[in-house]
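A.B. asks: My questions concern the predicted model and sequence given below.
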Amino acid sequence: MAVRKNEIDMIHGPLAKKIVLFALPLAASAVLQQLFNAADLAVVGNFASSQAMAAVGSNGSVVGLIVNMFTGLAVGANVLIGNLVGAGRRGELNNAVHTIIATAVFAGIFLLVAGVLLARPILTMMSCPEDVIDLAVLYLRIYFCGMPAIMMYNFGSAVLRSKGDSKRPFLALTFAGVLNVGMNLLFVIVFKLHVIGVGVATVLSNCVSAGLVLRFLLTEEEEFRLDLRQLKKKFRKSYLLTMAKVGIPAGLQGMVFSISNVTIQSAINSFGSACVAGRSAAQNVDSISYCLINSFGQTAVTFTAQNYGAGDEARVKKVFWLCMGICEAADIVLLGAIVLFRNAFIRLFTTDEVVIAYAMECFFHSGILHFMNAWYEIPGGTMRGMGHSLVPALITVVGTCALRLLYVFFIFPLNRTPGFLITVYPISWIVTGSAMNIAMVIVRKKAFAKLRGENRLRTQQ
């Protein structure tokens, strides 16, 4: 089989090297995307105030809550393209690409309007500290002005990654990330814009990364080439429905997941702005580990989608075990490095000793066990790659969201300390991961039994 430019042959030959080469740029991209917010925190924490740092940090769970529904559809886009490639239906790819990008345009505009209107009500509902809320609302509204660019990058990158191209989205984000840090320093240190400065820098950086991905698609090989004038003409409702079948449960899972995080953030807010800032710093250290795990989860989605489309059950199993093994080995090494250099990592964000103490308390109650996230991310990605997104969504709702809410409302009041609150995370990872792996085995057997039946029916016809 001839492999096209910027494409990985996922359905033939050895897998381990291809998985690593695909996942590493994906992980680096995720880290850079996280650095957009981390750079904001580090700059305002060191050159503005702890209140400004708390204002920026308190928005992470809010952004996740509002954005996740639509980035879930980007997962559906990945599966749609992967299944078409794996099944050899390449003639349908161009219409699928235009449907995906049209969806990104709509999602970006919708989120811009919704985010600007709902910023204050949501932060008020979360009990954002009084000394922080005005700055937090301002930052959140500026951030949501960049939603069209964020959606274009995420959906456009999903198209490129679904065929094995994880390098160019990474390069686009690298350039934008460096630009973001430079603009943060300029706007905050030189122009004294504080929260406004880091918000505007993030929006402009997102526009740059989106513009580069859009340029890649406009000059792509014919099957994947985007023509903006053809968005309406080549839009296909059937592809949108296919994306929605996978993407809506994934998006709802992300939203429900974020609801639990918003609830936990509300509890963190009750300890004051110093604790909010400390938790934000610890989360940005934790997020490096999560970026690595999530990249292998997305790799499992993409490789599984193509091999499921090709009807190769043995290869789908191999994809899962390779993703899990490589991911866990790499993440344990990464967490070891974070533990060794934890003081240096935390001090990148703040020099306030009270904030640092809160950050350390949060980190040692959950961060060192972060490798457990792989236990549900990778089997969940495997099920989505086979077109089954509802099962992992339901497991996450029960094992993560419901469990965390029950903990916050009934267990946390027994010992109201930040560390005891954060302990809910590893507890939920163990419960959700156990259920997710059992479900994956069952779903995989049923999915391939159904696929074999459909293939026999086509042969008889």
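C.D. replies: Good, I have the coordinates.

A.B. asks: Look at H388 and give its secondary structure.
C.D. replies: With DSSP: H, G, I helix; E, B strand; the rest coil as the basis, H388 sits in coil.

A.B. asks: need the contact list for it.
C.D. replies: V443, A447 (CB atoms under 8 Å, 6 or more residues apart in numbering). Where C-beta positions appear, they are placed from N, C-alpha and C, glycine not excepted.

A.B. asks: Tell me how far it lies from K237.
C.D. replies: For H388, the distance to K237 equals 22 Å [CB to CB, to the nearest Å].

A.B. asks: Also G325?
C.D. replies: Counting by CB to CB, the gap from G325 to K237 is 40 Å.

A.B. asks: So for the two, which residue has more residues nearby?
C.D. replies: Using other CB atoms under 10 Å, the more surrounded residue of G325 and K237 is G325, with 15 against 8.

A.B. asks: which element is the more buried one on?
C.D. replies: helix 313-340 (DSSP states H and E).

A.B. asks: And that helix, how far out from the chain middle?
C.D. replies: Helix 313-340 has its C-alpha centroid displaced from the chain centroid by 18 Å (CA atoms, centre = their mean, to the nearest Å).

A.B. asks: Show me what that helix is packed up against.
C.D. replies: helix 16-47, helix 273-309, helix 374-385, helix 424-460 (3 or more CB pairs under 8 Å, 6 or more residues apart in numbering; DSSP states H and E).

A.B. asks: Could you point out the helix or strand that follows it?
C.D. replies: That would be, after helix 313-340 and using DSSP H and E, helix 342-347.

A.B. asks: what mean pLDDT does that following helix have?
C.D. replies: Averaged over helix 342-347, pLDDT sits at 78.

A.B. asks: Which other helices and strands does that helix contact?
C.D. replies: Counting contacts by 3+ CB pairs under 8 Å, 6+ apart, helix 342-347 is packed against helix 273-309, helix 353-366.

A.B. asks: who's in contact with T302?
C.D. replies: Neighbouring residues of T302 by CB under 8 Å, 6+ apart: M10, F22, N78, G82, R161, S162, G164, G385.

A.B. asks: Quick one, which of these are buried?
C.D. replies: M10, F22, N78, G82, R161, S162, G164, G385 (16 or more other CB atoms under 10 Å).

A.B. asks: CSV please, covering these and showing secondary structure and distance to L185.
C.D. replies: Shown next, in CSV, are the buried ones among the contacts of T302 (DSSP: H, G, I helix; E, B strand; the rest coil; distance: CB to CB, whole Å):
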residue, secondary structure, distance to L185
M10, coil, 41
F22, helix, 33
N78, helix, 35
G82, helix, 40
R161, helix, 31
S162, helix, 36
G164, coil, 36
G385, helix, 41
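
A.B. asks: which one of the residues you listed sits closest to T299?
C.D. replies: The nearest member of those to T299, counting by CB to CB, is F22 at 5.4 Å.

A.B. asks: ok, that closest one - contacts?
C.D. replies: F22 makes contact with I8, R161, G164, S166, T299, T302, F303 under the criterion CB under 8 Å, 6+ apart.

A.B. asks: what's the distance between the strand or helix carrying P121 and the middle of its chain?
C.D. replies: Assigned by DSSP H and E, P121 belongs to helix 93-125. Computed by CA atoms, centre = their mean, the chain-centroid distance of helix 93-125 equals 15 Å.

A.B. asks: Quick check, A305 in contact with N83.
C.D. replies: Yes: contact criterion CB atoms under 8 Å: A305 and N83 qualify, at 5.3 Å.

A.B. asks: Show me which of these two is the more surrounded one.
C.D. replies: A305 (31 against 23).

A.B. asks: Need the pLDDT of that one.
C.D. replies: With respect to pLDDT, A305 scores 91.

A.B. asks: where's it relative to M324, distance?
C.D. replies: A305 is 17 Å from M324, by CB to CB.

A.B. asks: Next: G387.
C.D. replies: 20 Å.

A.B. asks: what does G177 give?
C.D. replies: From G177 over to M324 the distance is 28 Å, taken as CB to CB.

A.B. asks: what residues are up against L15?
C.D. replies: Counting by CB under 8 Å, 6+ apart, L15 touches F303, R315, K318, V319, L322.

A.B. asks: So which of those wins on neighbours?
C.D. replies: Within the contacts of L15, F303 tops the neighbour count with 31 neighbours, counted by other CB under 10 Å.

A.B. asks: I'd assumed V319 was in contact with it.
C.D. replies: Yes: F303 is in contact with V319 according to CB under 8 Å; the separation is 4.5 Å.

A.B. asks: anything in contact with each of the two?
C.D. replies: L15, I19.

A.B. asks: can you give me the helices for the stretch 51-200 of the chain?
C.D. replies: 60-86, 93-125, 133-144, 147-162, 167-185, 194-218 (DSSP state H, counting those that start in this stretch).

A.B. asks: Now do the second one: which elements does it pack against?
C.D. replies: Under the contact criterion of 3+ CB pairs under 8 Å, 6+ apart, the helices and strands touching helix 93-125 comprise helix 60-86, helix 133-144, helix 147-162, helix 231-234, helix 237-269.

A.B. asks: worst average pLDDT in the ones you listed?
C.D. replies: Note on the helices and strands packed on helix 93-125: lowest mean pLDDT is at helix 60-86, with a mean of 77.

A.B. asks: before we move on, the earlier item: pick the most buried one from the helices and strands packed on helix 313-340.
C.D. replies: Ranked by mean neighbour count, those are led by helix 374-385 with a mean of 28 (mean count of other CB atoms under 10 Å).

A.B. asks: got the angle between that helix and helix 237-269?
C.D. replies: Compare the direction of helix 374-385 with that of helix 237-269 by axes from the mean of the first three to the mean of the last three CA atoms, to 10 degrees and you get 160 degrees.
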